[in-house]
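>>> Sharing a model that was predicted from the sequence below.
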Amino acid sequence: MIRYFAFLGVVLKTAECHSWLACTDYTEKNGATWEPGKCRGFARGAYRKAPKTDGFGFDRGFDHRVIETEPCQVPKNDSTQYTRSHPMAVYYPGQQVVLVHPMKNHGADARCSNIYIPDSGNWLFRSERNPSRDPSLSGFKKNLVFDLGRSPGIQDFNGNLSISSVYPKPGYQNAPRFCENPDKAMATFSFNVPRNLTAGRYTFIWLWAFNSREQLYSSCFEVQIAPTKISKNNFLRENGIRDTSEPCGGMTSNSDIRGNTNPGCKMFRGSAYSQQPKKPKNINKGQRILSENAQPTTAVTTRIPVTM
């Protein structure tokens, strides 16, 4: 199906094919190329619809348009939605985490695409601790984990279209190799796990607002919150995962929240693609684009409802 949208007097034609989280714990920040061995956590049911070794970004119906009573594509069932090769994520409070998704042509980069393609916001919310079922969409929204920002759009470029080609960037469109394969290019988010999150199991939901905040897509995934970094590493080893490294430092997807709270992790120095192309002189204004729901500059769990 093809849909058309008017934006600032320009008619856009977009394919009805949207995105999902391919990985919920990736070991490289601002990466450009999918490497299955770097993924240690997956979205619910990924082993069926987005298996890690069966190509990246192939559309098998893993995207989900959100409604209030069905925020997730499939109901919660931890025993059937994960496997040893596609486990749920394990975090600890204060950890910096990287999420991965395919672009599916939804990038505004003046070198290769329509500069009017929007990003209307990205968020992570969560359930209460140890839930037996999924909350409603409004129930998820009571617990904001992190505002992942939005990517700069035509309203932010101020005539300097080179801003659209600078990476890393906040929001959905952080895909350094987007122009090489707009459909299947890998994009990443990064966020800090709230330091006050009590150990236990939670359901997280990623929400992406594409054309507007009424057009929401989601991926749901379970997270085991370990009390410490040491216990997190023990969980990973029990799942047969030897790589316990962590990405850390640098800008998160919310450009008001920088650095990390990871105890003892090495300073992040960026990926090989994080400075391509060279930064224009006036990029600071374009890079500091946040959603209207941007949160304070401390990584804490917010309990107030968020209007979207």
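Everything's here; your move. Numbering: from 1, shown residues only.
>>> show me where this protein has helices.
Taking DSSP state H, the helices of the chain run over residues 46-49, 137-140, 154-157, 229-238, 283-287.
>>> would a markdown table of the ones you listed with distance to residue 109, mean neighbour count and mean pLDDT be doable?
(Each C-beta comes from the backbone N, C-alpha and C, glycine too.) Putting the helices of the chain into a markdown table (distance: least, CB to CB, whole Å; neighbours: other CB atoms under 10 Å; pLDDT from 0 to 100) gives the following:
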| stretch | distance to residue 109 | mean neighbour count | mean pLDDT |
| --- | --- | --- | --- |
| helix 46-49 | 27 | 20 | 92 |
| helix 137-140 | 31 | 18 | 98 |
| helix 154-157 | 11 | 16 | 92 |
| helix 229-238 | 35 | 16 | 95 |
| helix 283-287 | 13 | 16 | 34 |
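>>> Same list (these) but as TSV, adding distance to residue 129.
Shown next, in TSV, are the helices of the chain (distance: least, CB to CB, whole Å):
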stretch	distance to residue 129
helix 46-49	23
helix 137-140	13
helix 154-157	38
helix 229-238	16
helix 283-287	35
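>>> low pLDDT regions in the protein?
Scanning the chain for pLDDT under 70 picks out 1-17, 249-250, 255-308.
>>> ok, 90 please
Where the chain drops to pLDDT under 90, the residues are 1-19, 50, 52-55, 57-64, 210-215, 239, 246-308.
>>> most centrally placed residue in it?
residue 189 (4.1 Å; CA atoms, centre = their mean).
>>> which stretches of the stretch 51-200 of the chain form strands?
89-91, 96-102, 121-126, 144-149, 186-192, 200-209 (DSSP state E, counting those that start in this stretch).
>>> Residue 112: which of those strands is closest?
strand 186-192 (14.6 Å; CB to CB).
>>> Give the pairing partners of the closest one; include direction for each.
Taking DSSP bridges as the criterion, strand 186-192 pairs within the sheet with strand 96-102 (antiparallel).
>>> if we can go back for a sec, can you list the strands of the stretch 51-200 of the chain in CSV and add distance to residue 68?
Putting the strands of the stretch 51-200 of the chain into CSV (distance: least, CB to CB, whole Å) gives the following:
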stretch, distance to residue 68
strand 89-91, 26
strand 96-102, 23
strand 121-126, 13
strand 144-149, 17
strand 186-192, 24
strand 200-209, 13
